[in-house]
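Participant: I'd like to go over a predicted model; first the sequence, then the structure.
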Amino acid sequence: MLCGVVIVVISTPSPANARAYESLEAITVGQTGYDVSSYIAAPDNTCKGIIRNIDMEFDHEELRRLIVQPRNPNALEVRRIKNSTTVVILFEVLKVPNYVMCGPSMIRCTLYRRQTDVCYACG
């Protein structure tokens, strides 16, 4: 029985190609189209933290401008979790800071622990 989750790993030395692959939203195999989620894997010397209750009106670019800034020198990237008020921040260190600056506000930051859903078809 196939569980419906297929993982494809793409590796490239080209940052431009990596950004293009990251923007994929769908692929077509034969005559069938599939929605996909893609992301760039974090480097080994990084960790992820989360901040909560971030206004939904901030798009990715605005979040990046507010968080990836000199007042958060170790912040590399930000990403909202789906359509929620929770934002994941990638840090260039192995310890998540207790607080981050989001524009003029200091916000509590905690370690990001990704939820792993179990496939009941394949265990």
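Facilitator: Sure, I can see it.
Participant: Run through the helices of the chain in chain order.
Facilitator: Along the chain, counting by DSSP state H, helices occupy 15-22, 60-67.
Participant: tell me which residues in the last one are buried?
Facilitator: By 16 or more other C-beta atoms under 10 Å, the buried positions in helix 60-67 come out as 63, 66, 67. From N, CA and C alone the C-beta is placed, and that goes for glycine too.
Participant: and what of stretch 53-60?
Facilitator: Buried residues in stretch 53-60, counted by 16+ other C-beta under 10 Å: 54, 58.
Participant: just to revisit the earlier point, list just the one of the helices of the chain that sits closest to residue 104.
Facilitator: Of all the helices of the chain, it is helix 60-67 that lies closest to residue 104, at 9.1 Å by C-beta to C-beta.
Participant: if I pick residue 87, what's in contact with it?
Facilitator: By C-beta atoms under 8 Å, 6 or more residues apart in numbering, the contact set of residue 87 is 50, 51, 52, 54, 63, 67, 78, 79, 80, 81.
Participant: any chance of the buried residues of helix 60-67 in a markdown table, with pLDDT too?
Facilitator: Below are these laid out as a markdown table (pLDDT from 0 to 100):
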| residue | pLDDT |
| --- | --- |
| 63 | 96 |
| 66 | 97 |
| 67 | 97 |
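Participant: Since that was my last question, I'll sign off now.
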